[in-house]
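*Asks:* Give me a model of this one.
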Amino acid sequence: MISPRKSHKHRFILVFWLLLLMLAGPLWMLLFGPINLHANWRTASQKSAGIVDTNKYPKQSRVLVFAGRAFSWRGAFAVHTWIAIRKAGNQQFTVYQVVGWRAWMGRSAIVIEQAAPDREWYGNKPFVLADIHGPLADQAIEHLTRAVAKYPYPRKYWLWPGPNSNSFTAYLLRQTPELTAALPATALGKDYLINNHFWAPTPSNSGYQLSFFGIFGLTLARKEGFEINIMGLVIGLNWQQKALTIPGIGAISWG
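*Replies:* Got it, this is the predicted structure:
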C-alpha cells in the first residue's frame, strides 16, 4: 500500500514533468526561435510582407485568413490571427481583427480597417491559413459581416485564456462554413468558447471540441486532428498533416 506521503510525492513529480513538457516548446522558441524580446512596438514593421498577390482575381470577391507570431515574449507561446476581405469591384482589402489595448482603454477591441491583408504583425511575417475567391467568398463575406456585428465580447479582452484576438477569429470561422481553415494550435485563445459554452464545432467546422473556459479541453476533428488543451497550451496529433503538435512550436511534420 502506497503511503499518503509517497502518493503526494508521485503527484508532484507527475505535475512537474507535465509542466516541463508543456513549457519546453515555449522555452525553445524563446532561446532559439524568431522571438525578438527587444522589439519596440512603436517602430516594429507593419508593412506588407509581399506574400499575397493582391491583384489576383481582380473582379471577384476574396477572403483570406492569416496568422503571425505574437509580439515580443508572447510570440513564444502564440500567434495572432486575422481575416481580410475584398468585395468584388473593390481594390482594397478590409481587415477584421481584435486588438487588446483598445479594450483596456474602454474602446471596442474590434478593428475594421482598410489595410494590406498580409502586413507583418509588428515585425513578424504572417502565413496564409485560407484563401478563397468568387461566389464562395461572396457567401463568406455575408456570414463574416453578420458574425462581426454579433461578436459578444467587443469590449472584453483577456490575453489568457480569452476572449482575445484568436477567440475572435475562431468565432468568425465557426459562423462561416465557407472558410474551412484550422487555426494553428499556437492560436492561444481559439478554444475559448462564447457565452460559457462547453461544447462547439471546431473553427474549421470539421469536428467538435470540449472546452472549459479555454483552460482545459479536448478536440477531435478532421482538420485539427486530436488536441489536448492544458492551461491554454495545446499538444496533439494531426494525421492529415502527419504532424505532432507541440505547445509554443506548433505542428512538427514527420511526413
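*Asks:* measure the residue nearest the centre of the chain to Thr202 for me?
*Replies:* Central residue of the chain (C-alpha atoms, centre = their mean): Ala187, 2.9 Å from the mean position. According to C-beta to C-beta, to the nearest Å, Ala187 and Thr202 sit 12 Å apart. The C-beta positions use only the backbone N, C-alpha and C, and glycine is treated the same way.
*Asks:* and if you look at Ile215?
*Replies:* Distance, Ile215 to Thr202, using C-beta to C-beta: 17 Å.
*Asks:* quick one on the thing from earlier: the residue nearest to the centre of the chain contacts Phe77, doesn't it?
*Replies:* No: the criterion here is C-beta atoms under 8 Å, and Ala187 misses it with Phe77 at 10.5 Å.
*Asks:* coming back round to it: okay, Ile215 and Thr202: which has more neighbours?
*Replies:* Thr202 (24 against 15; other C-beta atoms under 10 Å).
*Asks:* Dump stretch 98-114 to PDB, restricted to CA.
*Replies:* Only the C-alpha atoms of stretch 98-114 are listed here, as PDB (Å, rounded to 0.1, in the frame of the first residue of the first chain):
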ATOM      1  CA  VAL A  98      -9.200  42.200 -32.300                       C
ATOM      2  CA  VAL A  99      -6.500  44.400 -30.500                       C
ATOM      3  CA  GLY A 100      -6.300  44.200 -26.800                       C
ATOM      4  CA  TRP A 101      -5.100  47.600 -25.800                       C
ATOM      5  CA  ARG A 102      -8.300  49.100 -27.300                       C
ATOM      6  CA  ALA A 103     -10.400  47.200 -24.800                       C
ATOM      7  CA  TRP A 104      -8.100  48.200 -22.000                       C
ATOM      8  CA  MET A 105      -8.800  51.800 -22.900                       C
ATOM      9  CA  GLY A 106     -12.500  51.300 -22.800                       C
ATOM     10  CA  ARG A 107     -13.000  51.200 -26.500                       C
ATOM     11  CA  SER A 108     -14.200  48.300 -28.800                       C
ATOM     12  CA  ALA A 109     -11.400  45.800 -29.300                       C
ATOM     13  CA  ILE A 110     -12.700  45.100 -32.800                       C
ATOM     14  CA  VAL A 111     -10.600  46.800 -35.500                       C
ATOM     15  CA  ILE A 112     -12.100  47.100 -39.000                       C
ATOM     16  CA  GLU A 113      -9.800  48.900 -41.300                       C
ATOM     17  CA  GLN A 114      -8.600  49.100 -44.900                       C
END
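*Asks:* For the stretch 1-150 of the chain, which segments count as strands?
*Replies:* Applying DSSP state E, counting those that start in this stretch to the stretch 1-150 of the chain gives strands spanning 62-69, 79-86, 94-98, 110-114, 127-133.
*Asks:* Let's have these in CSV, adding mean neighbour count.
*Replies:* Below are the strands of the stretch 1-150 of the chain laid out as CSV (neighbours: other C-beta atoms under 10 Å):
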stretch, mean neighbour count
strand 62-69, 25
strand 79-86, 26
strand 94-98, 21
strand 110-114, 14
strand 127-133, 18
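*Asks:* in what helix or strand does Leu172 lie?
*Replies:* For Leu172, the host element (DSSP states H and E) is helix 165-174.
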